[in-house]
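**Student:** structure for this input, please:
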Amino acid sequence: MVLLTGGCAGSSPLPPPEFSGDAALVYVRTQLDFGPRIPGTEGHRRMAAWLDSLLRVRADTVVVQAWDHATVAGATVPLRNFIARFNPAAVTRLLFFAHWDTRPRADGPGSRDSTAPVPGANDGASGVAVLLAMADALRQVPPAVGVDLLFVDGEDLGSFTVDKDVLIGSRYYARNPMPGPKPLYAVLFDMIGDADLQIYQEGYSLTAAPEVVDLVWRTAADLGYAKLFPSEPRHTLIDDHRPLQEAGFRAIDLIDFDYPHWHTPDDTFDKISAKSLKAVGDVAMALVRKAK
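**Tutor:** The predicted structure follows:
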């Protein structure tokens, strides 16, 4: 608890911004060029190879969790979690994570074609892009604490309504975490690239780790992003932070769920803003640099 409150607003000056929103936007574009990243498809395979190659020249250590998942429909799909570790010997650690797969069916409430796959510019690619641009910054200036960047697979494969074939990678990681002490806290990035960004405080995050929510929102305000991070709750969501919370992690969800293109074919590159990516990345990097 001392480590959390000791890094809150006003205790020390914030470091200068080092996160590139423009680089993050390029990472979004590259992911979309692979096409839908649905487990078992060529786009998913190519994305996995790309992630692996990028992370190995940035992180101190890369751990790949690979397994085959049997779906309720009887198919078997290969899944991969990637963990990019910086300063792996450090006892004090932070965890940031996002899902890198995309949804097979555009079955969201506003979808014009429920049979089409979801491009996943915001729902998937935006969070991954922030993690990758963080990796660039951490490679340039190594962190004083340990940092793990976790890319989870199989978040969006099946049905949230019946809780089947979803959150697969985060559940796998929750059962198979990295050895050693748990991270001080974990922050999930999901749908954080929308040009009209507003990240409200998520309900399960406030219940499980209110002091982490407070730390993140105070940091955002210190950086001048208070309008993008309203200090009030709005949605309570089943997302990748829930399996980690259930496994004892102090995990919170940064998500702008007021996104009309969620689970539709219109979740495309033109909806994404480098400024929004930079705001989230600046907050994340400030958390890293303030941690002790």
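**Student:** make it CA atoms for all contacts and neighbour counts henceforth
**Tutor:** Fine.
**Student:** phi and psi next, for the residue sitting nearest the centre point of the chain.
**Tutor:** Centroid-nearest residue in the chain: residue 98, 2.4 Å away (criterion: Cα atoms, centre = their mean). Backbone dihedrals for residue 98, given as degrees, to the nearest 10, come out at phi -160, psi 160.
**Student:** wait, it touches residue 150, no?
**Tutor:** Yes. Taking Cα atoms under 8 Å as the definition, residue 98 is a contact partner of residue 150 at 6.6 Å.
**Student:** the stretch 1-150 of the chain: strands as residue ranges?
**Tutor:** Using DSSP state E, counting those that start in this stretch, the strands found in the stretch 1-150 of the chain span residues 61-70, 76-86, 93-99, 146-152.
**Student:** can you list those strands in TSV and add mean pLDDT and distance to residue 131?
**Tutor:** Putting these into TSV (pLDDT from 0 to 100; distance: least, Cα to Cα, whole Å) gives the following:
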stretch	mean pLDDT	distance to residue 131
strand 61-70	98	14
strand 76-86	98	10
strand 93-99	98	7
strand 146-152	98	6
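**Student:** for residue 267, find the nearest of those.
**Tutor:** Taking Cα to Cα, strand 93-99 is the member of the strands of the stretch 1-150 of the chain nearest to residue 267, at 15.4 Å.
**Student:** quick one: the closest one to strand 146-152, angle?
**Tutor:** Between the axes of strand 93-99 and strand 146-152, defined by axes from the mean of the first three to the mean of the last three Cα atoms, to 10 degrees, the angle is 20 degrees.
**Student:** circling back: so what pairs up with the residue nearest to the centre of the chain in the strands?
**Tutor:** Beta-bridge partners for residue 98, by DSSP bridges, are residue 151.
**Student:** the helices in the stretch 151-292 of the chain, which residues?
**Tutor:** 168-175, 203-208, 210-222, 241-246, 274-290 (DSSP state H, counting those that start in this stretch).
**Student:** would a markdown table of these with mean pLDDT, mean neighbour count and distance to residue 193 be doable?
**Tutor:** Output for the helices of the stretch 151-292 of the chain, formatted as a markdown table (pLDDT from 0 to 100; neighbours: other Cα atoms under 10 Å; distance: least, Cα to Cα, whole Å):
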| stretch | mean pLDDT | mean neighbour count | distance to residue 193 |
| --- | --- | --- | --- |
| helix 168-175 | 98 | 22 | 21 |
| helix 203-208 | 98 | 18 | 20 |
| helix 210-222 | 98 | 21 | 16 |
| helix 241-246 | 98 | 20 | 18 |
| helix 274-290 | 98 | 23 | 5 |
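**Student:** does residue 199 touch residue 259 like I think?
**Tutor:** No. Using Cα under 8 Å, residue 199 is not in contact with residue 259; the gap is 10.8 Å.
**Student:** between those two, which one's more packed in?
**Tutor:** Neighbours of residue 199 and residue 259, each counted by other Cα atoms under 10 Å, are more numerous for residue 199; the result is 25 against 19.
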